[in-house]
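Chemist: how would this look folded up:
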Amino acid sequence: MADLSLKLTKRDILGKKTRFLRRQGITPSHLFGHNIKSLALQGPTGKLEYIIAQAGMTRLINLQIEADKQPKMVFIREIQRDPLSGRLLHVDFYRVSMKERMTADIPIVFVGQAPALKEKGHIVTQLLNHLGVECLPDKLPPQIEVDLSQLEAMGQTIHVSDIALDPEVTVTTEPDQPVVKVTEVAAARIEEEVAVEEAEAAKAVEAEAPTEEEAEPTSS
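Modeler: Numbers count the residues shown, from 1 in each chain. Model (predicted):
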């Protein structure tokens, strides 16, 4: 079950008038989804910002609405912000059935260090940012970790089929699709890096070298 909880109240102020709510530190939202009519809601902007930071789009939220006896299990479906200030404008929540499987794109997060990076000119290139999965809502992983420590040589690749998940989670992305690969930096980029290193080394030597006055011995 969800370990994140949020309390919202029903909203009567609609349309352009919602700007008055935002001035009071209240953000409008909507709830829609499984076996429910669309509901206009509102809640404290600070609390909503906290929930957004913790839940993203992939963690279940226990949503309690005023006067409702039973909470609703929801995901954040859409977040609207002011394009200039980044101020929170609106949040959409989607209610799910805990007994029905759902699909989602889960972000991929890298952990560990790739031994292959010890070799000069090697880099790790990410080829896939999200993994498609299907499962019950309470089995949905908030993120999928991929361990880079298994990348030991140039050209080595981790594919979707190499990622181990809960048996109750079905991966919908093609299994042979590459996720991350050890590649080589372009020769021109290597030469540029070497030139920068040599220039910095030359500057360091020049800075440490004594001046003519310092090098000239003093007469007794």
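Chemist: Find the residue ranges of the protein scoring beneath the pLDDT cut-off.
Modeler: Per-residue confidence for the chain (pLDDT under 70) gives these ranges: 1-2, 186-199, 201-202, 204-220.
Chemist: so where do the helices sit in it?
Modeler: Remark: helices of the chain, listed N- to C-terminal, are 18-23, 45-55, 187-208, 212-215; assignment by DSSP state H.
Chemist: Let me see the contact set for the residue nearest the centre of the chain.
Modeler: What sits nearest the mean C-alpha location of the chain, by C-alpha atoms, centre = their mean, is residue 107, with 6.1 Å. For residue 107, the residues meeting the contact criterion (C-beta atoms under 8 Å, 6 or more residues apart in numbering) are 56, 58, 129-130, 143-144. Quick note: C-beta positions are derived from backbone N, CA and C, even for glycine.
Chemist: Mind checking which of these are buried?
Modeler: Applying a neighbour-count criterion of 16 or more other C-beta atoms under 10 Å, the buried members of these are 58, 144.
Chemist: So which of the contacts of residue 107 sit within strands?
Modeler: With strands taken from DSSP state E, the overlap with the contacts of residue 107 comprises 130, 144.
Chemist: any chance of the contacts of residue 107 in CSV, plus distance to residue 172?
Modeler: Shown next, in CSV, are the contacts of residue 107 (distance: C-beta to C-beta, whole Å):
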residue, distance to residue 172
56, 19
58, 15
129, 15
130, 11
143, 17
144, 13
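Chemist: ok, so of the contacts of residue 107, who is nearest residue 122?
Modeler: Proximity to residue 122 was ranked across the contacts of residue 107 by C-beta to C-beta; first place goes to residue 129, at 21.2 Å.
Chemist: Surely that closest one and residue 108 touch.
Modeler: Yes. If you go by C-beta atoms under 8 Å, residue 129 and residue 108 touch, sitting 6.0 Å apart.
Chemist: any idea how far residue 64 is from the nearest residue to residue 58 once chain neighbours are set aside?
Modeler: The shortest distance from residue 58 to any residue other than its chain neighbours is 4.7 Å, reached at residue 142 (C-beta to C-beta, 6 or more residues apart in numbering). Taking C-beta to C-beta, to the nearest Å as the criterion, residue 142 is separated from residue 64 by 21 Å.
Chemist: list the contacts for residue 49?
Modeler: With C-beta under 8 Å, 6+ apart, residue 49 has these contacts: residue 88.
Chemist: any idea how far residue 157 is from it?
Modeler: Computed as C-beta to C-beta, the residue 49 to residue 157 distance reads 38 Å.
Chemist: Could you do residue 166 as well?
Modeler: Note on residue 166: its distance to residue 157, by C-beta to C-beta, is 24 Å.
Chemist: Between those two, which is the more surrounded one?
Modeler: residue 157 (14 against 11; other C-beta atoms under 10 Å).
Chemist: Break this protein down into its domains, please.
Modeler: The chain breaks down by automatic domain parsing into domains covering 4-95, 102-187.
Chemist: can you redo these as TSV with distance to residue 200?
Modeler: Listed next are the domains of the chain as TSV, based on distance: least, C-beta to C-beta, whole Å:
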stretch	distance to residue 200
domain 4-95	38
domain 102-187	16
